[in-house]
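J.: The following comprises the amino acid sequence and a computationally predicted model.
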Amino acid sequence: MAYDLAIVLPTFNERENVAPILDRLERALKGIHYEVIFVDDDSPDGTADVVRRMGLDNVRVLQRIGRRGLASACIEGILAAAAPIVAVMDADMQHDETVLPEMLLRVREENLDLVVGSRNMEGGSMGEFARWRVKLSQLGRRLSLMGANHALTDPMSGFFMVRLSAFQRFAHRLSGIGFKILLDIVLSADPGLRIGEMPYRFRPREHGESKLDILIGLEYFELLVDKNLGNLVNARFVIFGMVGALGVGVHLLILRLLLDFGRLSFAKGQAATTFVVMILNYVLNNSVTYRDRRLRGWKFWRGLFTFCLACGLGVVANVAIANEAFHRGVPWALAAVTGLLFSAVWNFGVTSMITWRQERRSSEKRARLRILASASAEAMNTDEPRGGNAPANMV
Ligand code: GDD
Ligand code: MN
């Protein structure tokens with residue numbers, strides 16, 4: 001029998017919540033034929049295996065290796081559904097599963113494309129959310145609604161139900177960055193999307209811990225950049241530029257201190273500061289801008305070397321271009337900014353291709369080698385009948 005509803009549960013280190021959430025879903029969804037799709041980002045605590053061991057027919061796990069991200073996990077889970085209507089909710093029981101049947105009813109009866117669980121409308125609540133999280137959520141909400149086609153009382157919600165056919169209309173436009181899948185949807189969907197809201201009470205977490213941290217906040221910013229300026233600039237480049245700008249500030253500060261207290265000549269001070277700030281920029285870019293490709297161990301040092309080399313060349317080009325422009329009569333500030341912009345683009349372009357290039361995982365490389373090896377072995381055997389090199393056939 002075909003499924004009526006799919007529940008997508010993104011997980012990262014939620015092993016203790018697997019059995020209880022399945023239990024709650026079973027109680028809440030009596031009479032509804034549903035499937036459950038866990039999307040687990042290879043949790044170190046073995047969440048994926050806990051799901052497998054449950055051995056339930058209607059429950060599967062999509063285990064993603066080498067990937068992280070709540071929004072992209074939700075997208076992939078939704079697209080893997082067999083049911084025509086899909087709910088997304090947290091696996092930690094903070095979202096209220098008892099409203100699911102009514103959500104489903106509304107999607108069907110009111111012919112909606114999307115029903116959003118809202119904490120901010122009559123009957124809903126933030127529950128015992130920490131004060132700072134409430135404030136943060138409100139700030140995020142204000143920021144997010146710039147440029148949206150749809151107004152929602154809780155665009156930050158991670159709890160919603162969507163019609164798969166509607167989702168497929170805008171799936172290719174989603175950014176998939178960060179934590180806020182719903183916001184991504186609202187900013188990507190066509191104005192014709194039919195949306196409803198349902199109040200619910202956000203519950204406190206019982207097991208495990210929240211994954212929301214400062215980097216998630218940064219990803220939120222990246223999502224907004226991507227959705228609002230994505231046609232003009234790459235979100236990663238914006239972060240790279242911000243790190244660079246911070247570097248300039250730190251540079252001026254250190255240089256001032258060195259000149260005041262270090263009794264260094266200007267040239268020596270400038271050289272020493274440049275070196276220090278280059279390392280600082282590398283470390284920041286490695287742990288923030290390229291956190292998804294972070295270099296560790298000896299690769300960290302190799303990366304530092306290629307980063308300094310690339311940026312060093314960037315400086316040379318920057319000075320040459322700015323100098324040339326200045327001597328051709330371009331006003332000094334414009335000439336300087338032109339040189340800086342050039343080196344920013346150069347540094348970003350070169351380091352993204354060399355320092356933080358996307359590497360194939362070595363397991364993937366080994367797998368490809370195995371395929372090649374077996375293909376060539378097969379090619380050498382093609383002229384002979386099956387089992388041709390077995391001794392019995394040689395007589
Ligand atoms: N696959 C995957 N990958 N799952 C993740 C990741 C990830 O990188 N990060 C978090 N999750 C899973 C968690 O395991 C949990 O099931 C769910 O996503 C929510 O993560 P929490 O860390 O518990 O987030 P929260 O409680 O602080 O915030 C949640 O609720 C808010 C209110 O609805 C999120 O859903 C927010 O987006 C939402 O605003
Ligand atoms: Mn949570």
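T.: Structure received. Bear in mind the structure is a predicted one, so any value in this text is a computation, not a measurement. Ligands and ions are numbered 1, 2, ... in the order given.
J.: is stretch 156-166 up against ligand 1 anywhere?
T.: Yes - remark: stretch 156-166 sits within contact range of ligand 1 at 156-159, by CB under 6 Å from any ligand atom. Glycine gets a C-beta too; all of them are placed from N, C-alpha and C.
J.: same question but for stretch 86-96, I mixed them up
T.: Yes - contact of stretch 86-96 with ligand 1 (CB under 6 Å from any ligand atom) involves 90-92, 94.
J.: how close does Gly262 sit to Ala325?
T.: Plainly put, Gly262 is 33 Å away from Ala325 if you go by CB to CB, to the nearest Å.
J.: do the same with Ile239
T.: Distance, Ile239 to Ala325, using CB to CB: 27 Å.
J.: out of the two, which sits in the busier spot?
T.: Counted by other CB atoms under 10 Å, Ile239 and Ala325 do not tie: Ile239 has more neighbours, with 22 against 19.
J.: Spell out which residues sit in contact with the more buried one, please.
T.: Counting by CB atoms under 8 Å, 6 or more residues apart in numbering, Ile239 makes contact with 218, 222, 288-289.
J.: out of those residues, which are inside helices?
T.: 218, 222 (DSSP state H).
J.: By pLDDT, rank the contacts of Ile239 and give me the bottom one.
T.: Across the contacts of Ile239, the smallest pLDDT goes to Leu218, namely 81.
J.: Could you double-check that that residue lies in contact with Ser287?
T.: No - in this structure, Leu218 is not within contact of Ser287 by CB atoms under 8 Å, at 11.0 Å.
J.: Compare these two (neighbour count), which wins?
T.: With neighbours defined as other CB under 10 Å, Leu218 and Ser287 compare such that Leu218 has more, 17 against 12.
J.: Who are the contact partners of the nearest residue to the more buried one once chain neighbours are set aside?
T.: Distance criterion CB to CB, 6 or more residues apart in numbering; nearest residue to Leu218, sequence neighbours excluded, is Val288 at 6.7 Å. Neighbour list for Val288: 215, 218, 239, 243 [criterion: CB under 8 Å, 6+ apart].
J.: Put together CSV for those, with secondary structure and distance to Asp41 on each row.
T.: Formatted as CSV, those follow (DSSP: H, G, I helix; E, B strand; the rest coil; distance: CB to CB, whole Å):
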residue, secondary structure, distance to Asp41
Leu215, helix, 14
Leu218, helix, 18
Ile239, helix, 22
Val243, helix, 26
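J.: Looking at those, which is nearest ligand 2?
T.: Ligand 2 lies nearest to Leu215 out of those, by CB to the ion, at 16.3 Å.
J.: now the closest one, nearest residue through space, not along the chain?
T.: Closest to Leu215 by CB to CB, 6+ apart is Arg291, at 6.3 Å.
J.: ok, that neighbour to Glu219 distance?
T.: 9 Å.
J.: intersection of neighbour lists for the two?
T.: Common neighbours of Arg291 and Glu219 (CB under 8 Å, 6+ apart) do not exist.
J.: Tell me which of these two has more neighbours.
T.: Glu219 (23 against 14).
J.: would you say Gly249 is within a helix?
T.: Yes - with DSSP: H, G, I helix; E, B strand; the rest coil as the criterion, Gly249 is located in a helix.
J.: burial of it, as a residue count?
T.: 10.
J.: per-residue confidence for it?
T.: Gly249 is assigned 92 on the pLDDT scale.
J.: Likewise for Met146?
T.: At Met146, pLDDT is 60.
J.: for Met161, same thing?
T.: Listed pLDDT for Met161 reads 97.
J.: Most widely separated two among the residues of stretch 86-96 next to ligand 1?
T.: Farthest-apart pair in these is Ala91 and Gln94; separation 9.3 Å (CB to CB).
J.: the more surrounded of those two?
T.: With neighbours defined as other CB under 10 Å, Ala91 and Gln94 compare such that Ala91 has more, 25 against 20.
J.: and the residue nearest to the more buried one when sequence neighbours are not counted, bridged to which residues?
T.: In space, and not counting its chain neighbours, Ala91 is closest to Leu9: 4.1 Å by CB to CB, 6+ apart. Beta-bridge pairing of Leu9 under DSSP bridges involves Phe38.
J.: how far away is Leu9 from Gln63?
T.: Separation of Leu9 from Gln63 (CB to CB) stands at 13 Å.
J.: same thing with Asn13?
T.: 13 Å.
J.: repeat for Thr338
T.: As judged by CB to CB, Thr338 and Gln63 stand 49 Å apart.
J.: Gly297 - how many residues pack around it?
T.: For Gly297, using other CB under 10 Å, the count is 7.
J.: Check the average confidence over stretch 225-245, would you?
T.: 86.
J.: mind checking the end-to-end distance for that stretch?
T.: End-to-end distance of stretch 225-245: 17 Å, with CA to CA, to the nearest Å as the criterion.
J.: And it, how far out from the chain middle?
T.: In terms of CA atoms, centre = their mean, to the nearest Å, the centre of stretch 225-245 is found 15 Å from the chain centre.
J.: Reduced to three states, what does the residue of the stretch 251-395 of the chain at minimum distance from ligand 1 come out as?
T.: The minimum distance from the stretch 251-395 of the chain to ligand 1, using CB to the nearest ligand atom, falls at Asp292 (10.5 Å). Put simply, Asp292 is helix when judged by three-state DSSP.
J.: what ranges do the helices span in the protein?
T.: So, for the chain - with DSSP H - the helices run 15-28, 47-54, 70-79, 100-109, 131-144, 164-170, 181-188, 214-229, 235-261, 266-284, 298-327, 332-353, 362-381.
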